[in-house]
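Enquirer: here is a sequence with its predicted model. Questions after.
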Amino acid sequence: MANNRSFHNSSFNNSQSGPGVRFIRRTSTGRYVNYSQGDQDSEFGSVDYTNSSPQEYVNYHVQIPATPDNQPMASMEITMEPSISARVEEQYVSNSLFTGGFNTMTRAHLMDKVIESEAAHPQMAGAKGSSCAVEGCNSKVMSDERGMDILPCECGFKICADCFNDAVKAGGTCPGCKEPYRVTDLEEMGNVDADGGTIALPPPPGAGNKMGRRLSLVKSMRRSQTGDWDQNKWLFETKGTYGYGNAIWPAENGGDGAGGDGMNPAELNSKPWRPLTRKIKVPAAILSPYRLLVLIRFVVLGLFLAWRVKHKNDDAVWLWGMSVVCEIWFAFSWILDQLPKLCPINRATDLAVLKEKFETPSSGNPTGKSDLPGLDIFVSTADPDKEPVLVTANTILSILAADYPVEKLSCYVSDDGGALLTFEAMAEAASFANLWVPFCRKHDIEPRNPDSYFNLKKDPYKNKVRPDFVKDRRRVKREYDEFKVRINGLPDSIRRRSDAYHAREEISAMKRQRNVLGDEPAEAIKIPKATWMADGTHWPGTWISTAPEHTRGDHAGIIQVMLKPPSDEPLYGNNLDEEIPTSLDFTEVDIRLPMLVYVSREKRPGYDHNKKAGAMNALVRASAVMSNGPFILNLDCDHYVFNSQAFREGMCFMMDRGGDRICYVQFPQRFEGIDPSDRYANHNTVFFDGNMRALDGLMGPVYVGTGCLFRRIALYGFDPPRSKEHGSGCCGCCFPQKKSPSKVSSSEETRALRMADFDEEEMNLATFPKKFGNSSVLIDSIPVAEYQGRPLADHPAVKNGRPPGALTIPRDLLDAATVAEAISVISCWYEDKTEWGLRVGWIYGSVTEDVVTGYRMHNRGWKSVYCVTKRDAFRGSAPINLTDRLHQVLRWATGSVEIFFSRNNALLASTRMKFLQRIAYLNVGIYPFTSIFLIVYCFLPALSLFSGQFIVKTLNVTFLTYLLIITLTLMMLAILEIKWSGINLEEWWRNEQFWLIGGTSAHLAAVIQGLLKVIAGIEISFTLTSKSGGDDENDEYADLYIVKWTSLMIPPIVIMMVNLIGIAVGFSRTIYSTIPQWSKLLGGVFFSFWVLAHLYPFAKGLMGRRGRTPTIVFVWSGLIAITISLLWVSISPPSANSSIGGSFTFP
C-alpha cells in the first residue's frame, strides 16, 4: 500500500478524535474495501470479507499534497511540483463519491465510472484516462486540463504520481527505459498548459494553514530568480496586508485607500463613471391619473359605506347586515392591495458597461480577465417520479451553457430524495454538456435548454452565419435524441443492473455457506436487495427496495463532483478530426465547463429536515466550503435559463453603486405549456408584472421561491452596510427619510458584517459558531464572501467597494479535505443549537418559506430589486389542471395564514421596514381571510332571490350612483394599471375570475387548516381521492381536461348550483306574483350573474373534454343545493299572493 492518510473534518478540530475520510475502492467481486490512518498495519475495515482472497484487494495510491503538517522527507532530493500535486489530488477528488454523516466516517469512494457510457470530457467524474504501467498499480496517470497524459520521460512510459515519486526516491530512473528522469522536462510539463500559458502559482507558503490559503485569494506574483516566493516584493508592490479576502486588504489607517491598486481619488475623479443600471419612471401622464383615481375611489368607498350603514333595510336586516360587513372588509382588503401600487417603476441594465468595467483591460486589471464575482447556482429536486429527471437534466444543461465566466460559475444539484436515478441522470447531463455547451457558445444558441431549442417553432437557421451550422445542428440533434433515450431508459437500466448484481450476491453467499456447512441442510440466506451503481458498488442513498439506512428519510450524506472546477485559462477545442465525418470543429471555442456538484444531504429518523428550506440551507453551507460564491441563484428543477445573459443582468444591480445594500434580485416567473386562453390564470401576470413592479418602487419585490439572485451575506442574517444612515420613511418615492450618519466605530470592512444583535459594537467572530455551527471553514468563508460581493471602488461615491482586479486570480484546486468538510456541514445534526432556519439562511416554520425569508431580509433594512429582461430570463412549467392549480393555491394560502399567526406578521415588523412595504407584507398574510366574506357575499344574491328581498330597501338613485362611480373607477384603474404594467385586459379579467375561484375554495380551506393548526394543533391535508384522465396523449394540453376530484371543489360547485336555483326561484316568484318586485329581481339576478361569470372557468374545467365529470360531483352538489333550498322554503314559506306558481294551472 502507498501513502494513506485520513482527513479530519475541521468541524471537529477541538476534539481529540474526530471522524476522518476513508478512501475505499471496489474489488473484483463487486464489493468495496476501505482503509484509514489506523488501518495501515492491519487488515481492511469493512463489511464481512473473511472469505475474500488477498487478490481481491486492489493496490492504489492516494496523493496528498504538501501542507505545513505534511512536508516531504528531507532525504527526497527531487519532489514533484506542488501545482501538479494539487491537480492530481483534484483529479482524485472528482473521481470519488464522498459519503458520511452523523457518527460515521466520511468515505471517499473511488469510482471507475459513474455511468454506463464513457465520460468524454476531462473535467467529468470518471473521465477516461490511462492507467499506470507499473506492475501491480491500477492508478490513473497524471493529466492536464484536456485530459491528456503527462509523461515525465521521453520514452512515453505511463506512470502515476505516486509511482513517479517512488522511482525518484529509488534513484530517479524511469521504470520503462531505465534512463534518469529529466526533472526540468517534468517541471515544464507541469507548469505549461495546453495553450502554452503559464499555470497560476500556488499561494505563498506561510500564509496560514492549507484551508486558510484555499479560502484567501492572493494576487499572483512571479517567483524570484531562486525559484522561491518573493514575499517582500509581494508586500511592497501591493501595499497590502494579510487578512481575509484577496490578501490585498487595505490598511485601516494607511495605504492608498483604493486597495493598493495604485489608483488615487484624483485619478478616479478624472475617469467618466457610467452606471450599470437606471430607473425608468412610469410616465406622469399615466401615474398621476392613476393615483388620483385611487384617491377618488377611496373617498367614494368611504361615503358609500357610510351611506350603507345609515340606510338600513328594515325588511331584511340580516341580509343588509351581512352585506355591509362584507363590503367593509372588501374595502379594507382593496386598500391593502392598492396602497403598495402607488410607486411603480421600471429598470434597465447596461451589459456593455458591465463588460467594460469587469472584463476589459484597465489599470486595475491589466490582463482583462473577468473580475466578476463568483456565482453558485442551486437546483432543487426531491422526487424523480414527480419531477422527471429529463426536465432536471435540461435545466442543468441550460445553466452550464449560460454566458458567464466559466471559472466563476458553480452549479449544485440538491437531490432530497437521494435517488440513484437522479444521480445518473445528472452524470449523463454532464457527459452530454461536453458537446452541447461548446455548440451553444460557437453558434450563440438561444435558448440553451436543448429540449426547448429543438422544439422551437421558428426557423432555426435564421441569423446563423457560420457555414457549418447546419451540419453541427444535425449532429447535436442526433446526439440529444440518443441522450433522451439513455435518460428515459435509466429506470429500467438501474433495475436490471441491481437484479443482476443481487443474483450474483445470492450465488456467492450460497457458495460460502456450502463451503462452511458442507452438505448439511441450512436455511436460505436472505440478502437485502440493494441498488447498485454503474461501477458495481452499493448506492449509499435511497434504494428501490427500501432497507435500513437506505430510505428517503434515512440515508447518508452524498457529494459527487460531477464536473471538477475548470482551469483558469480558456481551453479551446481540438481541430476537426477528418477521420470522423460527424465530429464538430471547436478550435475557436472554449470547451471548459462550470463546476457541477451532486449533493444529497444526510437524513435520519428523529430529525426535522424542514423540506425544501432545509435542503437549500444544506446547499448554502456546502457551497460555502467548496466554492464560496458571494452570490447565489436558486432555481426549481423545472425552471431553466431562457436568456443566457440573465446572470449578467442580475449582476448589474449587485455591482452598481449602492448595490451592496441589495439582498436579492428577483426575476419574474414565466411559464410554458399553458393553454392559449390561460383558463386558470397560470401566467399570473397581474402579480408578476403589476404588483411586483409596484413593490420595486418601495423596498423591493417579495421573494417568490425561484429565479432569485441572492447576496450570500444577506442570507447569513447580516445587516446591510450603512444601515444606520437609512431610515424607514414611507416608500421609495413618497416622503423618503434619511437619518444622520452615526459615528464610525470601526473600519468599513468590519461594519459591513454586523448582525442585528451587534448594532452598536463590532462584530464578534467568537459568537459565530453559535450562529453558523462549528465548521471553522464555513466561518472563515463568511468575510471572504462579503468582500468579494462588494461593488467596484471605481468612483469616490462608491462606498464599501473593492479594488478593480481583485477577483482575477484563479481559485485553488479542490482537495479531499474540502469535500469532507462539505459532507460534515450537510449532516443531519449540523444545525442543532444553531440559528440556521431561525435567522440564518432560508427560514423554517412555514410552507411558504420563500416569502418569510424575503420578509426577514427586508425587516433588517435590505432592499431587493425586480429585474424584468427584454428576453425572459427563466422559464418553467405550471400546472394547467384545475385540481393541481387549486392545490398549488392552497399551499400558498396556507403559508400566508401561518405567516399571519407567527412572529413574521408585518404588524410586528421593525422600524427599518418602510410603511407601504409593511402594508404589502400585511396583505400577504391577510388575503386568505377574505375568502370568508367572499363566500358569504357569493351566497347573498341567491338568498336575495329566495327571500324576495335585496341588500337595500329599494334601488334608488343614490345607491345606483355610488355603484356606478365605484364600477367606473375600478375599470379606469384597471386600464391605467394595464398601461404601466404591460399586461392586457384578458389577463386582468382571468386574474379576477381565478381570484374568486381560489377565494371560494383553496383560500377558505387554508384558513380552516391554519385555524385548526393554531388553536388545536391539528393538521389537515387536502389530497386527491379519485382521478379520471383523457386518452389523447398527443394533445399538448391534455392535462387541462383531466378531472381529479378534490374536496376543494365543493364550495364553488355549491355556489353555482344555489345561484342557478335562486335565479329560477326569483323569476318564478316575480312572474307569478300579484305585485311583481322587478327591482329586487334585477338586483339579485345581476349579482348572481356576476358570481357565475367569475366561476365560468371553474365550470368549464369540471366538464372536461367531453363533459366527462365524475358522478359524485353532481350528486353531492345537487343534494347540498336541494337541501339548502328545501330548508329555506321550510323556514320562510311563500305567502298566498307570492307563492311560486300560485296562479298557474296546467291546461
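Expert: Thanks, I have the structure now.
Enquirer: surely Cys411 is in contact with Ile377?
Expert: Yes: with contact defined as CB atoms under 8 Å, Cys411 reaches Ile377; the gap is 4.7 Å. Heads up, the C-betas are built off the backbone N, CA and C, glycines and all.
Enquirer: now do the SS call for Ile377.
Expert: Three-state secondary structure (criterion: DSSP: H, G, I helix; E, B strand; the rest coil) places Ile377 in strand.
Enquirer: who does it bridge with?
Expert: With DSSP bridges applied, Ile377 shows beta-bridge pairing to Cys411, Leu633.
Enquirer: report how many residues lie close to it.
Expert: 28 (other CB atoms under 10 Å).
Enquirer: look at it and report its pLDDT.
Expert: According to the predicted model, the pLDDT of Ile377 comes to 97.
Enquirer: my read: it touches Leu400, true?
Expert: No: with contact defined as CB under 8 Å, Ile377 does not count as touching Leu400 (9.5 Å).
Enquirer: got any residues that touch both of these two?
Expert: Cys411 (CB atoms under 8 Å, 6 or more residues apart in numbering).
Enquirer: related to what we said a few turns ago, got any residues that touch both of Cys411 and Ile377?
Expert: Common neighbours of Cys411 and Ile377 (CB under 8 Å, 6+ apart) are Ile399.
Enquirer: so where is the stretch 501-650 of the chain shaky, pLDDT-wise?
Expert: Per-residue confidence for the stretch 501-650 of the chain (pLDDT under 70) gives these ranges: 519-522, 575-582.
Enquirer: again, only using 90
Expert: Residues of the stretch 501-650 of the chain meeting the criterion pLDDT under 90: 502, 505-529, 534-537, 545-549, 553, 567-588, 606-611.
Enquirer: now do the strands in it.
Expert: Taking DSSP state E, counting those that start in this stretch as the test, the strands found in the stretch 501-650 of the chain are 557-563, 595-600, 631-636, 640-641.
Enquirer: tally of neighbours for Leu985?
Expert: With other CB under 10 Å as criterion, Leu985 counts 10.
Enquirer: what of Leu970?
Expert: A total of 14 residues lie near Leu970 under the criterion other CB under 10 Å.
Enquirer: please enumerate residues in contact with the helix or strand in which it is found?
Expert: Secondary-structure element containing Leu970, defined by DSSP states H and E: helix 957-981. Contacts with helix 957-981, where a contact means CB under 8 Å, 6+ apart, come from 282-283, 286-287, 289-290, 293-294, 296-297, 300-301, 303-304, 307, 341, 344, 685-686, 689-690, 693, 952, 983-985, 988.
Enquirer: mean confidence for that helix?
Expert: Averaging pLDDT along helix 957-981 gives 91.
Enquirer: now the end-to-end length of stretch 399-408.
Expert: As for stretch 399-408, its first-to-last residue distance stands at 13 Å under the measure CA to CA, to the nearest Å.
Enquirer: just give me how far it sits from the chain centre.
Expert: 16 Å (CA atoms, centre = their mean, to the nearest Å).
Enquirer: so how many other residues sit close to Arg839?
Expert: 16.
Enquirer: on that earlier part again, the contacts of helix 957-981 in helices, which ones?
Expert: Of the contacts of helix 957-981, the ones assigned to helices by DSSP state H are 286-287, 289-290, 293-294, 296-297, 300-301, 303-304, 307, 685, 693, 985, 988.
Enquirer: low-confidence regions, the stretch 301-450 of the chain specifically.
Expert: Scanning the stretch 301-450 of the chain with the threshold set as pLDDT under 90 gives 312-316, 361-368, 385-386.
Enquirer: wait, isn't Arg885 in contact with Asn682?
Expert: Yes: at 6.9 Å, Arg885 counts as touching Asn682 under the criterion of CB under 8 Å.
Enquirer: so what sits against both of these two?
Expert: 878-879.
Enquirer: pull the contacting residues for the closest residue to Ser877 other than its chain neighbours.
Expert: Spatial nearest neighbour of Ser877, excluding adjacent residues (CB to CB, 6 or more residues apart in numbering): Asp638 at 4.7 Å. With contacts defined as CB under 8 Å, 6+ apart, the neighbours of Asp638 are 387, 391-392, 395, 876-877.
Enquirer: OK, contacts around Ala618?
Expert: When contacts are counted by CB under 8 Å, 6+ apart, Ala618 touches 414, 599, 601, 825-826.
Enquirer: let's see it at 6 Å
Expert: When contacts are counted by CB atoms under 6 Å, 6 or more residues apart in numbering, Ala618 is found next to 601, 826.
Enquirer: also Val952?
Expert: Contact partners of Val952, counting by CB under 6 Å, 6+ apart, are 313, 959.
Enquirer: could you pull up phi and psi at it?
Expert: Here is the backbone geometry of Val952 (degrees, to the nearest 10): phi -120, psi 160.
Enquirer: pLDDT score for it?
Expert: Reading off the model, Val952 has pLDDT 84.
Enquirer: can you check Pro941 too?
Expert: Listed pLDDT for Pro941 reads 89.
Enquirer: and it, which of the three is it?
Expert: Reducing the assignment at Pro941 to three states with three-state DSSP gives helix.
Enquirer: how much space separates it from Phe1086?
Expert: Relative to Phe1086, Pro941 is positioned 8 Å away (criterion: CB to CB, to the nearest Å).
Enquirer: and these two? Which one has more around it.
Expert: Under the neighbour definition other CB under 10 Å, Pro941 and Phe1086 were set side by side, and Pro941 has more, 27 against 12.
Enquirer: what sits against the more buried one?
Expert: For Pro941, the contacting residues are 1084, 1087-1088, by CB under 6 Å, 6+ apart.
Enquirer: so who does the residue most central in space within the chain touch?
Expert: Here the mean C-alpha position of the chain is nearest to the C-alpha of Asn634 (CA atoms, centre = their mean), at a distance of 2.2 Å. Asn634 sits next to 378, 708 when contact means CB under 6 Å, 6+ apart.
Enquirer: repeat for Ala393
Expert: Shown here is Ala393, whose contacts under the criterion CB under 6 Å, 6+ apart are 425, 429.
Enquirer: what's the answer for the one 4 residues further on, then?
Expert: Applying CB under 6 Å, 6+ apart to Leu397 gives the contacts 429, 433, 436, 450.
Enquirer: distance to Val840 added to the strands of the stretch 501-650 of the chain, as a markdown table?
Expert: Output for these, formatted as a markdown table (distance: least, CB to CB, whole Å):
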| stretch | distance to Val840 |
| --- | --- |
| strand 557-563 | 20 |
| strand 595-600 | 19 |
| strand 631-636 | 13 |
| strand 640-641 | 28 |
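Enquirer: closest to Ala622 out of these?
Expert: The closest approach between Ala622 and any of those, judged by CB to CB, belongs to strand 595-600 at 5.6 Å.
Enquirer: show me what that closest one is packed up against.
Expert: With contacts taken as 3 or more CB pairs under 6 Å, 6 or more residues apart in numbering; DSSP states H and E, strand 595-600 sits against strand 409-415, helix 420-443, strand 557-563.
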